[in-house]
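In: could you look at this predicted model? Sequence included:
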Amino acid sequence: MSTSKIKYLGGLSTEAVHLRSGKAIDTDAPVDNNGKGEAFSPTDLAATSLGACAITVMSIAAEKAGHEFKGSEVSITKVMSADAPRRISKIIAEFTLQSEPALSAEEKQRYERVGRTCPVALSLHPDIEQEMVFNWQN
């Protein structure tokens, strides 16, 4: 079964629908590539997927261990290559993590390792530099 269906709306915009849930994500070409920048660009989604995947698998591991990361955030910075071909050259994922209960240094390292080896991180082309910064609040 298909995962999603994408409809081209014109004007360099698309609507992607997740078939199981019916939820939609709109995309638009970025301003620096002939678009209006009114929504995520496809490369924004690729970069954002890294942070979403990492925090998700970290949270799965945390729940199994009786920990909770609710309220944590990930800030994503996507860097495009300055030379041709146009591509993502670097993704910076900066995590601000809150844990309940507080974690030991060893536990924090374990969760960071889980995040760095999430399925998206392992699926991205090796030429894309992945920088993950973990800021623990407690």
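Out: Perfect, thanks for sending it. Numbering: from 1, shown residues only.
In: from now on I want contacts and neighbour counts done on CA atoms only, so please keep to that.
Out: Will do.
In: which parts of this structure are helices?
Out: Applying DSSP state H to the chain gives helices spanning 42-64, 105-116, 119-123.
In: just those: most buried one?
Out: helix 42-64 (a mean of 19; mean count of other C-alpha atoms under 10 Å).
In: what's next to that helix, contact-wise?
Out: 27-29, 68-69, 74-78, 88, 91, 93, 111-112, 114-121 (C-alpha atoms under 8 Å, 6 or more residues apart in numbering).
In: against Arg87, how distant is Ile6?
Out: As judged by C-alpha to C-alpha, to the nearest Å, Ile6 and Arg87 stand 21 Å apart.
In: ok, for Val16, nearest residue in space, not its chain neighbours?
Out: In this structure residue 16 is Ala, not Val. In space, and not counting its chain neighbours, Ala16 is closest to Ile6: 4.2 Å by C-alpha to C-alpha, 6 or more residues apart in numbering.
In: the one you found: neighbouring residues, count only.
Out: Applying other C-alpha atoms under 10 Å, we find 14 residues neighbouring Ile6.
In: for it, give me its contacts.
Out: Thr14, Glu15, Ala16, Val17.
In: bridging residues for the second one?
Out: The residues listed as beta-bridge partners of Glu15 by DSSP bridges are Lys7, Asp26.
In: is it true that it touches Lys23?
Out: No. Assessed by C-alpha atoms under 8 Å, Glu15 is found out of contact with Lys23, at 10.1 Å.
In: tell me which of these two has more neighbours.
Out: Higher neighbour count among Glu15 and Lys23: Glu15, with 15 against 10, using other C-alpha under 10 Å.
In: quick one: the more buried one from Gly22, how far?
Out: 11 Å.
In: which stretches of the protein have low pLDDT?
Out: In the prediction, the chain carries no residues with pLDDT under 70.
In: picking up where we left off before, please tell me how far the residue nearest to Ala16 sits from Ser99.
Out: According to C-alpha to C-alpha, Ile6 stands 37 Å off from Ser99.
In: the longest strand in the protein is where?
Out: strand 88-97 (DSSP state E).
In: helices or strands next to that strand in the packing?
Out: Other elements packing on strand 88-97 under the criterion 3 or more C-alpha pairs under 8 Å, 6 or more residues apart in numbering; DSSP states H and E are helix 42-64, strand 73-80, strand 129-136.
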